[in-house]
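Undergrad: How does the following fold in three dimensions:
(2 chains)
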Amino acid sequence: MSELKIDNLSMRFDLPNGSSVQALKDVSLTLQSGELMSVLGPSGCGKTTLLNILAGFLAPTEGQVLLNGQKVTGPDAHRGMVFQQGALFEWMSVRDNVSFGPRMAGKAPSDYAEEVDHLLDIVGLKDFKEKAIYELSGGMQQRVALARCLANHPDVILMDEPLGALDALTREKMQSLVLKLWKETGKTIILITHSVEEALLLGERLLVMAPRPGRIHKEYRLPFADAGVGADLREVKKNPEYTQKREEILSMIWDMEEEIMGRTEAAQ
Amino acid sequence: MIPLSLLLFYIAVFTGGFFIVKRFFAGPKNDFTALKTVTFGDESAVVPARSASVISIVTLFVMWGAFTGSNLLPSFLHVSGPFIGDARFTYTLESPDGTRDDADVLVRVFPFGTEVEEPTIEPGSGFAKNDAVSVSQGRSVTILFDKNDAVTRKEGARIVAVDGKPIPAEGPLEIDAGSITMTGKGALRFAPPLGLQMEPIWLPPPEYVVTRVMETAQDGFRNFTLWEHLGYSLFRVIVGFALGALVGIPLGYAMGLSNWFRGWFDPIVEFMRPIPPLALIPLIIIWFGIGEKGKIILLFLASLWIMAIAARAGVSGVRISKVYAAYSLGASKWQILRHVIIPNSLPDIFTGARVAMGVCWGTVVASELVAAEVGAGMMIIVASKFQQTDIVIMGIILIGIIGFGIDVLMRWAERVLVPWKGKG
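TA: Okay, here's the model as predicted:
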């Protein structure tokens, strides 16, 4: 089974003015196959940088990422990515977007057509298969993005605030969908989010990162993702443990934000 | 005075039309703007009033017709035309001994280009005899009044008054029949009233232009039919633009995708882009002559930089998340070029193509004005040298219609081929 090993990862960006920014410092982590991990942290803590390194879009200045023992050197079909928005291809129909991966791999339509249909049914786009992307609402577009990623059978799915641009109601529906897909497909999923509630709901493991330099601050193991599969997420949120964890993490992030603010003020 | 009254008339129709349409014809609006209480400042609530467009165009044509005496308009709408008919006035001749005598002059003003029966008049009594002359409309005539008089200018006779009024030394004397000036040798020069209408040599009436279109379509102009003139211009635009796009689009892609290409061509493109294609015409003529080759190379250059820059903008405009997504779905570089970058750049390329076609159409006409054997621009510049104003106006109108048609066609193609434009 697949294993994602993040080994002592550091990332430093050199700026044109001679200074440099330490986006990540000594991040180490191992994910077992089928784990669902959410990553949370104040802005500037290197969440997106971490995800881009995992996908292979950026090369780390130190350390390495191993997937099934293979070093990641660039983007490939083993690690699928779901973006916040705008990563779908407007010039293709919904169906062509979802079948993009198999088509690029040179598979015959008979090999993937049935599965693409099935995936679109699962994400609730049965009647929208031939529609153009710009005819869909934001929530529907993210369903297409999920289906497109799944159709390519990646080992790991990386999600960069996939639900960030959706309204609260759509967002809740999509959270249930992500849990359902996770359970049904058994994929390893890493999900970045700004929302503490979402991170609690969609993480067996929850990573809280701290900024400057970007590093792992604390890790939790949570029962809510399992409890949330097929259940009413609002019921899960009523759990006292959920409330207590939410308050704990919120105050943790508030402290970090205040520390940043304080440091900035001191610098001025 | 005339321009001012024209402007006042135009403003009157503009305002009058507004109130009349508003008062009598504007039905209740039932589109989505109907319930908006704030419309001033809300650009989306401003839609062109079609009735205004119709009135505007009709007014232009009516003014054109009124000032050219067009047959398409009832004659009461015409402004006053040049005088036609018999004009009469009386001059007073003074002989050297101080005696005076009056004589009549009959001037027959006949329509331009017609034969006329020479007028005659009874000589009358006294030493000054009556005279009769004829003249074409809008022209003036010198009246040698003393040909039949008993005393002549050589003998010292001179005219002291016309219709009882003395003739000023400077400028004409305005009388009922027209205007009178005295020549240096003491003869009379009579000009019948011109009226306000334009002569066809300045502005022909609309029906002249229509007739000219049909004539030129049938008989041609300067060895080529009208359609050949227009067709050659269009052909040059299409070939020049196609070549420009064929080279410019790949060049733009290369500049958007490769440091080396960007570095190599950036100075060239940035230098050539601001040069108006018209400024290249002299060099093109020196190098390639005035034939098809020179024209097509000029249009190629006119469209090349526009298309290269449009394609480059199309590549740089691709959202990086689309490219990332394609890579992590396993696409190769070529597949990303083929399935992501090229389709993503099409809206920009269409915008560039619309601009390039407009520039090419303007450039081809201008280059034909400078030198050509056939073409829309050549047609109007040659016609203007022969004062064939109707052909000039016909040419300008047809050039405008074709330019508009090209733009409509490009917009239609854009809607059909890149329906996702602006919806990404």
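Undergrad: contacts, neighbours, all on C-alpha from now
TA: Noted.
Undergrad: so what's A:Pro75 closest to, chain neighbours aside?
TA: A:Gly56 (4.4 Å; Cα to Cα, 6 or more residues apart in numbering or on different chains).
Undergrad: Got the confidence number for the residue of the stretch 151-268 of chain A found nearest chain B?
TA: Residue nearest to chain B within the stretch 151-268 of chain A: A:Asn152 (6.5 Å; Cα to the nearest Cα). With respect to pLDDT, A:Asn152 scores 90.
Undergrad: List the residues that contact it.
TA: A:Ala77, A:Gly80, A:Ser99, A:Gly101, A:Pro102, B:Leu329 (Cα atoms under 8 Å, 6 or more residues apart in numbering or on different chains).
Undergrad: which strands and helices sit next to the helix of greatest length in chain A?
TA: Secondary structure assigned by DSSP state H gives helix A:240-267 as the longest helix of chain A. Counting contacts by 3 or more Cα pairs under 8 Å, 6 or more residues apart in numbering or on different chains; DSSP states H and E, helix A:240-267 is packed against helix A:196-201.
Undergrad: thinking again about what came up before, correct me if wrong: the residue nearest to A:Pro75 contacts A:His78.
TA: No - taking contacts as Cα atoms under 8 Å, A:Gly56 lies outside contact range of A:His78: 10.4 Å.
Undergrad: For these two, indicate the residue with more neighbours.
TA: Using other Cα atoms under 10 Å in any protein chain shown as the criterion, A:Gly56 and A:His78 rank with A:Gly56 on top: 21 against 18.
Undergrad: what sits against the more buried one?
TA: A:Val72, A:Thr73, A:Gly74, A:Pro75, A:Asp76.
Undergrad: Now render the contacts of A:Asn152 as TSV, adding neighbour count, pLDDT and secondary structure.
TA: Conversion of these to TSV gives the following (neighbours: other Cα atoms under 10 Å in any protein chain shown; pLDDT from 0 to 100; DSSP: H, G, I helix; E, B strand; the rest coil):
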residue	neighbour count	pLDDT	secondary structure
A:Ala77	22	89	coil
A:Gly80	30	92	strand
A:Ser99	25	93	coil
A:Gly101	27	92	helix
A:Pro102	22	93	helix
B:Leu329	30	93	coil
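Undergrad: Going by distance to B:Asp97, which of those residues wins?
TA: A:Ser99 (116.5 Å; Cα to Cα).
Undergrad: That closest one contacts A:Val116, doesn't it?
TA: Yes - when contacts are counted by Cα under 8 Å, A:Ser99 is listed as touching A:Val116 (6.3 Å).
Undergrad: what is in contact with the two at once?
TA: A:Ala151.
Undergrad: Could you count how many residues lie near the residue in the stretch 101-250 of chain B positioned nearest to chain A?
TA: Ranked by Cα to the nearest Cα, the top residue of the stretch 101-250 of chain B for proximity to chain A is B:Ile249, at 19.2 Å. Residues contacting B:Ile249 under the criterion other Cα under 10 Å number 23.
Undergrad: Residues of the stretch 301-424 of chain B that sit close to chain A?
TA: By Cα under 8 Å from any Cα of the partner chain, the part of the stretch 301-424 of chain B that sits against chain A consists of B:319, B:321-332, B:335, B:340, B:343-344, B:418, B:420, B:423-424.
Undergrad: quick revisit: got the buried residues for the longest helix of chain A?
TA: A:Tyr242, A:Lys245, A:Arg246, A:Ile249, A:Leu250, A:Met252, A:Ile253, A:Met256, A:Glu257 (16 or more other Cα atoms under 10 Å in any protein chain shown).
Undergrad: Spatially nearest residue to A:Leu120 (excluding sequence neighbours)?
TA: A:Lys126 (5.8 Å).
Undergrad: Give the burial count for the one you found, as a bare number.
TA: By other Cα under 10 Å, the residues close to A:Lys126 number 13.
Undergrad: That one contacts A:Val116, doesn't it?
TA: No - A:Lys126 is not in contact with A:Val116 according to Cα under 8 Å; the separation is 10.7 Å.
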